[in-house]
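In: Okay, structure incoming, though there's no sequence with it:
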């Protein structure tokens, strides 16, 4: 028995539209926060303090993922089901805390107070981001019961995710130049709230499932039991070990992107945005390619291909200073780099959630329980640890070795570190495989 009514036609696209908003806000923070707080006429805090703030808030927020997941898995509402109430409740505090980060200038002239303000606002943002995003992703295994349908929905989730990334990486640069960081954040927030209307209009509980949900309440498990149970799934454990190591390398590059374009390539934020947009255009155009790849090979092998492609790009990024000295045109080099990034961006937006859905199917076959949110919660827990560590590492490296045009070695050094870490993650994932079985397994005793 499915927990939610099956989506069809345009409703699937409206559901996918919801991924555009929160992803855009998170990417905006990833790309611009370090630059905003550590450069310019008035430095708010040091890069190390920013990295420390990201590390602390990221660790606290990562712990929240399985908590929210377990709460969502065991929450029932007769009208909206298990997931939608969390999305509704989390959106407003998410956008308010996001905006507060970009108005740090007005809080105090004391660096310590500014640091505490940034730390608290980041914590609130990432916690409420989890409240919105974890239940959102946990809906898909319930509303999409076949690989074909999951590919269709996840392709649009990926499309809107990449467009959101493009909006935050691309249009944001022009918004920042025209209005400043504060007004740009307000525009981004309005945009986020508007697109979140999509899933709220489409996903509803199936009334016939209410009785089944209530009858399952006696089988609830606590958060720690659910986390341990999900990690006892061998496939999920191998996947998450390899992917989280890779994801650390991936995030190191993401935190360093704005410095690569403004310091090494010596481009203005507007031109940097044009380059970021090119990676988005490339990623969007390659989504159909990954759909074809998924038809020709297993989901796991397609993920390995996407991961390896990023490793190649990260290795190429380590030679960026040499290329700048040889070619002499930073815009052309940056354009080529961003276009290449489009391939792994596209694959990493399409594939992982499909793979986790397949692992969930495997787990249901083996254990007869539905705990979709917990698998996404554990994935979020570990990935957010990696994001927190990446922000801290980039901040420390930039402070120790330099993040300006006159002293750029810190910006240069991040790339080879990221390439080595991403390669290690790929090697770990080489042993990953998944047991075959029916695409839509049922809980024992249900229809």
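Out: It's in. This one's a predicted model, so the numbers in the text were calculated from it and none came from an experiment.

In: Following element in sequence after the helix or strand hosting residue 378, please.
Out: Following DSSP states H and E, one finds residue 378 within helix 372-401. Using DSSP H and E, the helix or strand that directly follows helix 372-401 along the chain is helix 409-429.

In: mind listing what's buried in that following helix?
Out: By neighbour count with 16 or more other Cβ atoms under 10 Å, helix 409-429 contains the buried residues 410-415, 417-419, 421-426, 428-429. To be clear about C-beta, it is placed using only N, CA and C from the backbone, and glycine gets the same treatment.

In: Same check on stretch 103-122?
Out: 104, 114, 115, 117, 118, 119, 121, 122.

In: Next, check these against the helices and list the overlap.
Out: The members of those that map onto helices under DSSP state H are 114, 115, 117, 118, 119, 121, 122.

In: low-confidence ranges in the stretch 101-250 of the chain?
Out: Residues of the stretch 101-250 of the chain that meet the criterion pLDDT under 70 lie in 140-147, 166, 169-170, 203-226.

In: one more time with 50, if that's ok
Out: For the stretch 101-250 of the chain, the stretches flagged by pLDDT under 50 are 206-219.

In: Next, give me the two most distant ones among the buried residues of stretch 103-122.
Out: 114 and 122 (12.4 Å; Cβ to Cβ).

In: Show me what the helix or strand hosting residue 270 is packed up against.
Out: Using DSSP H and E, the element containing residue 270 is helix 269-296. In terms of contacts (3 or more Cβ pairs under 8 Å, 6 or more residues apart in numbering; DSSP states H and E), helix 269-296 is packed against helix 147-166, helix 172-195, helix 234-259, helix 299-317, helix 330-367.

In: now it and helix 299-317, what's the angle there?
Out: 150 degrees (axes from the mean of the first three to the mean of the last three Cα atoms, to 10 degrees).

In: Return the mean pLDDT over helix 269-296, rounded to an integer.
Out: Helix 269-296 carries an average pLDDT of 81.

In: Report the contact partners of the closest residue to residue 279 other than its chain neighbours.
Out: Closest residue in space to residue 279, ignoring its immediate chain neighbours: residue 338 at 3.8 Å, by Cβ to Cβ, 6 or more residues apart in numbering. Residues near residue 338 by Cβ atoms under 8 Å, 6 or more residues apart in numbering: 275, 276, 278, 279, 282.

In: Is it possible to get CSV of those residues that adds neighbour count?
Out: Listed next are those as CSV, based on neighbours: other Cβ atoms under 10 Å:
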residue, neighbour count
275, 26
276, 27
278, 21
279, 27
282, 18
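
In: Looking at those, which is nearest residue 388?
Out: Distances from residue 388 to the contacts of residue 338, taken by Cβ to Cβ, are shortest for residue 276, at 22.9 Å.

In: so how far is residue 174 from the closest one?
Out: Applying Cβ to Cβ, to the nearest Å, the value for residue 276 to residue 174 is 11 Å.

In: Kindly report the same for residue 153.
Out: Residue 153 is 31 Å from residue 174, by Cβ to Cβ.

In: between the two, which one's more packed in?
Out: residue 153 (22 against 15; other Cβ atoms under 10 Å).

In: Make sure the more buried one is actually in contact with residue 15.
Out: Yes: the pair residue 153 and residue 15 passes the contact test of Cβ atoms under 8 Å, sitting 6.8 Å apart.

In: Pick the one among the ones in helices among the buried residues of stretch 103-122 closest to residue 184.
Out: Looking across these and measuring by Cβ to Cβ, the closest to residue 184 is residue 121, at 16.0 Å.
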